[in-house]
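Colleague: Next input, structure requested:
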Amino acid sequence: MGETVDDGACGEWQRVPEEIAQRLGDVPGAAYEVPDEVTCALEHGHQGDHTAVLQGWGDDEVWLLWTVPKTVVAPSCRADGLTCLLPNGHAGRHHVLLADVVEDDGPYWVTDRAELEARLTRG
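Modeller: Now for the predicted structure:
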């Protein structure tokens with residue numbers, strides 16, 4: 001048995017969004033019938049976006065690029081004693097609420113407790 005074109009390919013599956021399939025299905029001179037779903041054509045273990053061809057005409061082709069959704073388990077961010085709604089170690093500002101205030105107007109985007117307290121005193 002020889003090697004097939006799919007041997008060693010990533011093969012990650014993705015449904016083609018209907019609006020994209022419809023838009024590419026009526027292209028004059030189109031080379032392909034747009035599939036409902038595709039698999040990644042890049043080599044297994046590649047970095048970055050997955051890639052699959054959707055349509056072609058002339059010397060051009062349209063590719064679908066996507067990343068793999070994933071879940072991670074991480075503790076909630078409680079930096080500086082704040083009740084942050086993001087995971088521990090997140091980038092950027094904290095998205096905090098006041099857990100001990102029943103009718104809080106938050107959540108608020110702040111860099112630290114001092115900014116939150118200053119914001120609250122300004123009212």
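Colleague: Please make it C-alpha for all contacts and neighbour counts, starting now.
Modeller: Fine.
Colleague: if you count residues, which helix in this protein comes out on top?
Modeller: helix 113-122 (DSSP state H).
Colleague: Provide the contact partners of it at residue level.
Modeller: Contact with helix 113-122 is made by 80-82, 108, 110, as judged by CA atoms under 8 Å, 6 or more residues apart in numbering.
Colleague: which parts of it are buried?
Modeller: Buried residues in helix 113-122, counting neighbours by 16 or more other CA atoms under 10 Å, are found at Leu116.
Colleague: Could you list every helix and strand in contact with the lowest-mean-pLDDT helix or strand in the chain?
Modeller: For the chain, the helix or strand with the lowest mean confidence is strand 83-84, at a mean of 84 (criterion: mean pLDDT, DSSP states H and E). Counting contacts by 3 or more CA pairs under 8 Å, 6 or more residues apart in numbering; DSSP states H and E, strand 83-84 packs against strand 94-97.
Colleague: ok, then the element right after the strand it packs on?
Modeller: strand 108-110 (DSSP states H and E).
Colleague: still on that earlier bit, please identify which of the contacts of helix 113-122 is nearest to Arg23.
Modeller: Tyr108 (40.4 Å; CA to CA).
Colleague: Quick check: the closest one vs Ala79, distance?
Modeller: To Ala79, Tyr108 is 14 Å away according to CA to CA, to the nearest Å.
Colleague: Compare these two (neighbour count), which wins?
Modeller: For Tyr108 against Ala79, the residue with the higher neighbour count under other CA atoms under 10 Å is Tyr108, and the figures read 19 against 14.
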